[in-house]
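Student: Sequence first, then the predicted structure:
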Amino acid sequence: MDAGDSAIDVNDLRRRYGPAGAQGFDAVRGVSFSVARGELFALLGTNGAGKTSTVELLEGLAAPTGGTVRVLGHDPYRERAEVRPRIGVMLQEGGFPPELTALETARMWAGCTSGARPVEEGLELVGLTGRRNVRVKMLSGGERRRLDLALALLGRPEVLFLDEPTTGLDAESRRETWKLVRALRDEGTTVLLTTHYLEEAESLADRLAIMHAGRIATSGRVADIVAERPSRLSFTLPAGVRPEEVPPAGRLGATASESADRTVLLRTRDLQHTATEVLLWARDRRIELTGLDARSASLEEAFLHIARQLEAGAPPERETAGATAGTTAGATR
Ligand SMILES: Nc1ncnc2c1ncn2[C@@H]1O[C@H](COP(=O)(O)OP(=O)(O)OP(=O)(O)O)[C@@H](O)[C@H]1O
């Protein structure tokens, strides 16, 4: 990626809490990645991985202990006046005055925002028009998240930071928020998202990075990360046919096979080939398979696999093809 195309550029970023030296805690330990303009980049990770600590540095809320951050070509901490009007920030905790209504809150925020869109439009975007006269303290947790998002959008930001934007939202509101985020991205807004919902990242992100213990363990395009994991094909044999009668995994183009009772599970990197071989075998043997289930790996499976590897102490993996993010050692820049 040409540096000129980047909305966000992070290089060997570090953040230490507490005193310098052995007593401090290194929450971010050398993170590098770039986000192109108009791209939606997701940061995933286990609890305490360092996502929020990283995003706060990008938002200019704190100075890094080491490394560099550029947002729209500027240092977001030192050149806050340049960067702040061009970004939208949705923090994990909004912290609004509880006695103000949603509309008053939005008006107050708009007063501090240059070139703000009309507040009614902001509330409409997040589906809060009908709740505009309700005091913040009376809004549900999910409605407060949506108000937070409305405020982040008031300034028509070029770069939008969303820290767990759909936590506490019901399924319908979550999907409405996804639709809105997608529309913003399609209009050219760069989005940096942190989330615990893997389905959210899978559905929205162009690229993502998975953080663990202050570092990026893996990163790349969603499809490439998922493609690293084998697909699954499972079926149940009729009574009288034993799993041992099924051809060995290798002959079906599968990498592994396991069975419990009469149910067989195959893992394969070529789902179509393996499914064809299984169906041909069943047809030739006149065997009727039940519960036939073929599915590609999901981001959740890939994430859990990586998390298990990391817990077992295996070194973080590679950078997936097409990625521009990684640990310092694996950075492409
Ligand atoms: N102000 C602070 N002082 C000391 N340690 C902190 C501080 N803020 C965060 N930490 C620690 O830094 C680590 C990273 O926290 P951070 O909130 O960045 O993780 P996260 O990936 O966003 O986690 P979560 O998914 O749980 O929100 C954690 O171990 C946390 O306890």
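Tutor: Looks like it arrived, so ask away. This one's a predicted model, so the numbers in the text were calculated from it and none came from an experiment. Residues are numbered from 1 along each chain as shown.

Student: SS state for residue 116?
Tutor: Using DSSP: H, G, I helix; E, B strand; the rest coil, the structure places residue 116 in coil.

Student: excluding its backbone neighbours, what's nearest it?
Tutor: With sequence-adjacent residues excluded and distances taken as CB to CB, 6 or more residues apart in numbering, residue 116 is closest to residue 110, at 4.1 Å. No exception for glycine: its C-beta is placed from N, CA and C like everyone else's.

Student: Now do the contacts for the one you found.
Tutor: Residues near residue 110 by CB atoms under 8 Å, 6 or more residues apart in numbering: 116, 119, 122, 154.

Student: Got the phi and psi for the first one?
Tutor: So the one you mean is residue 116. Main-chain torsions, residue 116, degrees, to the nearest 10: phi -70, psi 150.

Student: Repeat that for the second one.
Tutor: Its backbone dihedrals place residue 119 at phi -60, psi -40, with angles given as degrees, to the nearest 10.

Student: Could you give the number of residues near the closest residue to it other than its chain neighbours?
Tutor: In this structure, residue 119 finds its nearest non-sequential neighbour in residue 106, 4.1 Å apart by CB to CB, 6+ apart. Neighbourhood size, residue 106 [other CB atoms under 10 Å]: 26.

Student: ok, now which ones touch residue 106?
Tutor: 119, 122, 123, 132, 147, 150, 151, 154.

Student: Could you rerun that using 6 Å?
Tutor: Residues near residue 106 by CB atoms under 6 Å, 6 or more residues apart in numbering: 119, 122, 123.

Student: Next one: residue 49 from residue 246, what distance?
Tutor: As defined by CB to CB, to the nearest Å, residue 49 lies at a distance of 41 Å from residue 246.

Student: Next, count neighbours for the closest residue to residue 76 other than its chain neighbours.
Tutor: Leaving out its chain neighbours, the residue that sits closest to residue 76 by CB to CB, 6+ apart is residue 60, at 3.2 Å. By the criterion of other CB under 10 Å, residue 60 has 22 neighbours.

Student: Residue 79 is in contact with residue 60, correct?
Tutor: No - between residue 60 and residue 79 there is no contact, the gap being 8.2 Å when judged by CB atoms under 6 Å.

Student: Strands along the protein, start to end?
Tutor: For the chain, applying DSSP state E gives strands covering 6-17, 25-36, 40-45, 66-71, 87-90, 159-163, 190-194, 207-212, 215-221, 231-236, 256-260, 263-268, 290-295, 326-327.
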